[in-house]
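Mind looking at a prediction? Sequence and model below.
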Amino acid sequence: MAKEFVKDVTSMDEDFAQWYTDVVTKADLIDYSSVRGSMIIRPYGYALWDNIKNELDNRIKETGHENVYMPLFIPESLLQKEKDHVEGFAPEVAWVTHGGSEPLAERLVVRPTSEVLFCEHYSKIIHSHRDLPKLYNQWANVVRWEKTTRPFLRTLEFLWQEGHTAHATDKDAMEETIKMLNVYAELCETVLAIPVVKGQKTEKEKFAGAKATFTIESLMHDGKALQSGTSHHFGTGFAEAFGIQYTDKEGKLQYVHQTSWGFTTRIIGALIMVHGDDRGLVIPPNAAPKQVMIVPIAQHKEGVLDFAYELKKSLGSVARVDIDASDKKPGWKFNEYEMKGIPVRLEVGPKDIEKKQVVLVRRDTLEKVIVPLDELEMKLVELLDDIQSNLYNKALKHREERTTVALTLPELKESLEAKPGFIKAMWCGELACEEKIKEDAGATSRCIPFEQENLAENCVCCGKEAKQMVYWAKAY
Ligand SMILES: [Zn+2]
């Protein structure tokens, strides 16, 4: 039975891209819509996003931010106020040109990001040092007209949060930028069990209009990297373009220092590609909408369903528990919840009831344990913790095994082909070398990590004096 079902999913080592497509649809996360590159997020996918969103929203509020909502449309003239910003986004914006059949006097952009809207608003509400800092966040959808799309990873429309803050000093803005990067990293590591590398983007890879962009980068099962969250320090660039000024304590007019930071539904793609296996999704317990699925065995026999419902009720205080009491066969249910990556399956039948025990099956290793009823709560909590840390450690081990050092460009190329993953290599800081590495090896600079190592004195590409160590990889 299990075998038959597994046939439906392409093996991940055979064709990783096809495996991914199979999993997102067969685990009921999404459906394709009639608009190219757009997806329907189905209840199970949305429950997963809801859970991640709630975890992040709590952290955003705990760090003193307030949620707001900005409009969907941006007037063309407003988008054009910051030169780098408009140049960065122009190729992928969607335009609204008509209202009904009437052409608009000014075209509108469907927001690709909301910097300019926040800036316009800040210019109206910030006057004095007493108005600072402004710590706003919004949960919204944004639209970017992407040419090639894949569910969660790159879609025309996606969901995210974008934080936008204004501060009195450069130092305050820098602290905020790093603070929120750390919030993202902590969320990835403790909730999603995804280890991340923290660092700064190069000039080439930074956000359009930012003074500096910081990122967390994670490594997928196939050895490609995924940018998992970014935090930008804007300096006073946007403030100067939009006239966001405040009067300081000495009565002098100053520009505010701004930040923005974003985390998107892309992370679900990362979750799938970091933890999934040939049976489908594997969701870490802290991120899972349902942590335990109870599957009654021989449920037509007297007392089984009652007992199973009792268990659901009593375990509800320690975990997110659901029960499948439908008349589908247990084998079908086992496969279904393995595909959906539910961390623990709890089986209970007449014999178990007699022996005062249940069977727990963990999704990550597929190991079975028989647990006496009077120890169930305690054992379940332990098991969920164990699955959470096992998934993190497994992902970390995979990343470490797939992180190599290159001292020359041929070495870097060879390494990427033989064992795709992160390549650590020294860099002179020149754009020309960054572009050559991309052209020759297909790898982009992922970040200049905070944790630097001195691997060599010379740039991996040109051989001139190196300034920093950089993580390179092929990326999603
Ligand atoms: Zn160089």
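That came through, no problem.

From Q468, how far off is the residue of the stretch 151-300 of the chain at minimum distance from the ion?
At 12.0 Å from the ion, T202 is the closest residue in the stretch 151-300 of the chain, using C-beta to the ion. All C-beta atoms are positioned from the backbone trio N, CA, C, and that covers glycine. Separation of T202 from Q468 (C-beta to C-beta, to the nearest Å): 9 Å.

list the contacts for T177?
A212, F214, S231, H232, H233, T259, W261 (C-beta atoms under 8 Å, 6 or more residues apart in numbering).

average pLDDT across stretch 75-88?
Averaging pLDDT along stretch 75-88 yields 87.

Residue ranges in this protein under the pLDDT threshold?
The chain contains residues with pLDDT under 70 at 1-7.

After the helix ranked longest in it, heading C-terminal, what element do we hit next?
For the chain, the longest helix by residue count, based on DSSP state H, is helix 376-401. As assigned by DSSP states H and E, the chain's next helix or strand after helix 376-401 is strand 403-405.

Tell me the helix or strand right after that next one.
That would be, after strand 403-405 and using DSSP H and E, helix 409-418.

buried residues in that next one?
L409, E411, L412, K413, S415, L416 (16 or more other C-beta atoms under 10 Å).

How about stretch 428-439?
In stretch 428-439, counting by 16+ other C-beta under 10 Å, buried: C428, G429, C433, E434, I437.

Excluding chain neighbours, what is closest to P343?
Excluding the flanking residues, the one nearest P343 by C-beta to C-beta, 6 or more residues apart in numbering is P285, at 4.5 Å.

What is the burial count for M174?
The number of residues packed around M174, counting by other C-beta atoms under 10 Å, is 18.

which ones are touching it?
H233.

Likewise for the one 4 residues further on?
With contacts taken as C-beta under 8 Å, 6+ apart, I178 has the following neighbours: F214, S231.

tell me which element it falls in.
Per DSSP H and E: helix 170-190 holds I178.

Please save the CA atoms from that helix in CSV.
The C-alpha trace of helix 170-190 is given here as CSV (Å, rounded to 0.1, in the frame of the first residue of the first chain):
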residue,chain,number,x,y,z
ASP,A,170,22.1,56.2,11.8
LYS,A,171,23.1,54.0,14.8
ASP,A,172,19.5,53.5,15.8
ALA,A,173,18.6,52.5,12.3
MET,A,174,21.5,50.1,12.1
GLU,A,175,20.6,48.5,15.4
GLU,A,176,17.0,48.0,14.1
THR,A,177,18.2,46.4,10.9
ILE,A,178,20.3,43.8,12.7
LYS,A,179,17.7,43.3,15.4
MET,A,180,15.1,42.3,12.8
LEU,A,181,17.6,40.1,10.9
ASN,A,182,18.2,38.3,14.2
VAL,A,183,14.4,37.9,14.7
TYR,A,184,14.2,36.2,11.3
ALA,A,185,17.1,34.0,12.0
GLU,A,186,15.8,32.9,15.3
LEU,A,187,12.3,32.2,13.8
CYS,A,188,14.0,30.1,11.0
GLU,A,189,16.1,28.1,13.5
THR,A,190,13.7,27.5,16.3
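
what's the following helix or strand past it packed up against?
For helix 170-190, the succeeding helix or strand toward the C-terminus, using DSSP H and E, is strand 197-200. Strand 197-200 sits against helix 170-190, strand 212-219, strand 444-449, with contacts defined as 3 or more C-beta pairs under 8 Å, 6 or more residues apart in numbering; DSSP states H and E.

Just say which of the ones you listed is most tucked in.
Among the helices and strands packed on strand 197-200, strand 212-219 has the highest mean neighbour count (mean count of other C-beta atoms under 10 Å), at a mean of 25.

Contacts for it next, please.
Here strand 212-219 has contacts from 177-178, 181, 184-185, 188, 194-201, 205-207, 225-233, 270, 274, 395, 398-399, 402-403, 421-422, 446-447, 471, 473, using C-beta under 8 Å, 6+ apart.

filter these to the buried ones?
In these, the ones that pass as buried (16+ other C-beta under 10 Å) are 177, 181, 184-185, 188, 194-201, 205-207, 225-233, 270, 274, 395, 398-399, 402-403, 421-422, 446-447, 471, 473.

just to revisit the earlier point, give me the subset of the buried residues of stretch 428-439 lying in helices.
C433, E434, I437.

In contact with the last one, which residues?
In other words, I437. If you count contacts by C-beta under 8 Å, 6+ apart, I437 has them with L409, L412, A443, S445, V460, C461, W472.

now, the most widely separated pair of those residues?
Greatest spatial distance in those: L409 and S445, 13.7 Å, computed using C-beta to C-beta.

quick revisit: can I get the contacts of I437 in JSON lines with distance to the ion?
As requested, those are exported to JSON lines (distance: C-beta to the ion, whole Å):
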{"residue": "L409", "distance to the ion": "10"}
{"residue": "L412", "distance to the ion": "12"}
{"residue": "A443", "distance to the ion": "14"}
{"residue": "S445", "distance to the ion": "12"}
{"residue": "V460", "distance to the ion": "7"}
{"residue": "C461", "distance to the ion": "4"}
{"residue": "W472", "distance to the ion": "13"}
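
from the residues you listed, which is closest to D385?
For the contacts of I437, the nearest to D385 is W472 (35.1 Å; C-beta to C-beta).

Which of the three states applies to that closest one?
The three-state label given to W472 by DSSP: H, G, I helix; E, B strand; the rest coil is strand.

Pull the number of nearby residues for it.
For W472, using other C-beta under 10 Å, the count is 27.
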